[in-house]
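Below is the sequence, then the predicted model.
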Amino acid sequence: MQEYLSTFVRSIFVENMLFAYFLGMCSFLAISKNVKTAFGLGLAVTFVLLVTLPINYLLENYVLKEGALRWLGEAFQGVDLSFLSLIIFIAVVAAIVQLLEMIIERYLPALYNSLGIFLPLIAVNCAILGGSLFMQQKEFPNIGFATTYAVGSGIGWLLAIVGMAAIREKLQYSDIPKPLRGLGIAFIITALMGIGFMSFSGVKL
């Protein structure tokens with residue numbers, strides 16, 4: 001249980017997708033102007049991570065990596081399909097995002113309209129693909145760890161974008177120098193938040 005908690009907390013704070021690796025910055029900067037919309041996108045990213053990462057874990061360990069097909073028989077013991085990992089991971093992410101887009105369009109049209117082009121672009125959000133590639137790199141011992149990492153990574157991304165949106169809403173009432181308005185001040189705040197999250201790297205878990 002301690003190992004699961006450690007993986008969960010590290011994926012949120014220490015290895016935050018945005019502030020540790022700066023993955024998913026395009027949608028982060030574009031959508032983080034309104035808390036409600038940012039929260040919706042954050043939930044969507046968390047959902048996609050939660051679904052795709054365990055699926056990709058199973059594909060990696062039972063289909064793609066060398067010896068993964070041994071369950072089909074000794075003849076498949078030496079088969080190595082790891083060269084297909086990237087394209088398979090992308091295909092899984094794209095399929096889940098397409099399903100999510102149809103669900104949101106059907107049941108949450110207001111959120112669908114506010115997210116606009118950035119909803120289908122979740123399919124190419126590097127935070128989503130990064131989660132699967134980090135899972136591959138970390139070689140989790142079972143699907144439970146992979147799922148825990150997916151949930152933590154999604155929550156970390158959600159907290160980051162909602163926090164940024166809350167700050168940017170307050171900035172509308174601030175006297176910001178004209179050259180820094182818009183993306184200028186957003187980049188500065190992102191850097192400061194990243195420095196803040198770096199303090200968690202000293203936490204021993």
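That came in fine, so what should we check first?

tell me how far the ends of stretch 63-73 are from each other?
The first and final residues of stretch 63-73 sit 13 Å from each other (CA to CA, to the nearest Å).

in that stretch, what's buried?
63, 64, 65, 68, 69 (16 or more other CB atoms under 10 Å). Quick note: C-beta positions are derived from backbone N, CA and C, even for glycine.

Any regions of the chain where pLDDT drops low?
203-205 (pLDDT under 70).

For the longest helix seen in the chain, which helices and strands make contact with it?
In the chain, assigned by DSSP state H, the helix with the most residues is helix 143-171. Packing partners of helix 143-171 (3 or more CB pairs under 8 Å, 6 or more residues apart in numbering; DSSP states H and E): helix 2-9, helix 25-31, helix 35-59, helix 126-138, helix 183-198.

Just send the ones you listed back as CSV, with mean neighbour count and distance to residue 118 too.
As requested, the helices and strands packed on helix 143-171 are exported to CSV (neighbours: other CB atoms under 10 Å; distance: least, CB to CB, whole Å):
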stretch, mean neighbour count, distance to residue 118
helix 2-9, 15, 27
helix 25-31, 19, 5
helix 35-59, 21, 7
helix 126-138, 20, 13
helix 183-198, 14, 15
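
quick one: which of those is nearest residue 85?
helix 126-138 (6.7 Å; CB to CB).

OK, contacts around the nearest residue to residue 183 once chain neighbours are set aside?
What sits nearest to residue 183 in space, not counting adjacent residues and going by CB to CB, 6 or more residues apart in numbering, is residue 29, at 6.7 Å. Shown in contact with residue 29 (CB atoms under 8 Å, 6 or more residues apart in numbering): 183, 186, 187, 190.

which among those residues gets closest to residue 94?
The nearest member of the contacts of residue 29 to residue 94, counting by CB to CB, is residue 190 at 27.2 Å.

Tell me how many other residues crowd the residue lying closest to that closest one once chain neighbours are set aside.
Among residues not flanking residue 190 along the chain, residue 164 sits closest, at 6.9 Å (CB to CB, 6+ apart). The local packing of residue 164 (other CB atoms under 10 Å) involves 22 other residues.
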